[in-house]
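Participant: I would like the atomic coordinates for the input below:
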Amino acid sequence: MGHNKKKIEISMADKLIEAVSVIILLIIFFLPQYYYNDLPAKIPIHFNISGQPNNYAGKVLIWLLPFISLIFYLGFIILKRMPHILNYPAHSKLDKNKEQNKISIRILRYLLLVVLASFLYLVYGTINVALQQWEGIGSMPVIIIVLLILLILTVFVRRMVKLK
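Facilitator: Got it, this is the predicted structure:
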């Protein structure tokens, strides 16, 4: 009812982030197809806290990560089309609603980029560990991912709060 559902203009940077996200998603699907025949019958499907593989299963499960990535991508796309359903850090008036929606959509774009980059790393790392090119995927990427997510949320939530 009182929600501002007008189209929100997309900046060139937003378009670039969306394009990079789509490219990453395509690469996530390309890698398993490219390496599938080279993979051993069993591949790592779980890594411990230090990034070492500790569970293996059939190589068909290499497709699990791309499909989970696709589900995340579609979920983010749906959320971007309905920013009015998101919770905001402050009560908003109708004139600030458009700006909050714009910031919310930008948060979703950046988070999607980080999530897809994370899945790309997992797919690439799983393939390299399975092919014995790497011993593990390491723990540093997890730390970097968490820090990036916290940074994105902190920066954009602060922007929203300033709209009060």
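Participant: immediately after the top helix by length along the chain, which helix or strand?
Facilitator: In the chain, with assignment by DSSP state H, the single longest helix is helix 94-130. Counting by DSSP states H and E, the next helix or strand C-terminal to helix 94-130 is helix 140-161.
Participant: any idea of the angle that next one forms with helix 94-130?
Facilitator: 180 degrees (axes from the mean of the first three to the mean of the last three CA atoms, to 10 degrees).
Participant: And helix 140-161, how far out from the chain middle?
Facilitator: 13 Å (CA atoms, centre = their mean, to the nearest Å).
Participant: Quick check: which helices or strands does it pack against?
Facilitator: Applying 3 or more CB pairs under 8 Å, 6 or more residues apart in numbering; DSSP states H and E, we find helix 140-161 packed against helix 94-130. To be clear about C-beta, it is placed using only N, CA and C from the backbone, and glycine gets the same treatment.
Participant: thinking again about what came up before, list the buried residues of the longest helix of the chain.
Facilitator: 96-98, 100-130 (16 or more other CB atoms under 10 Å).
Participant: Might one say that Ile145 is in contact with Leu116?
Facilitator: No. Between Ile145 and Leu116 there is no contact under CB atoms under 8 Å: 11.2 Å.
Participant: just the angle between the helix or strand encompassing Ile78 and helix 94-130, please?
Facilitator: In this structure, Ile78 sits in helix 64-81 according to DSSP H and E. Computed by the same axes, to 10 degrees, the angle separating helix 64-81 from helix 94-130 equals 170 degrees.
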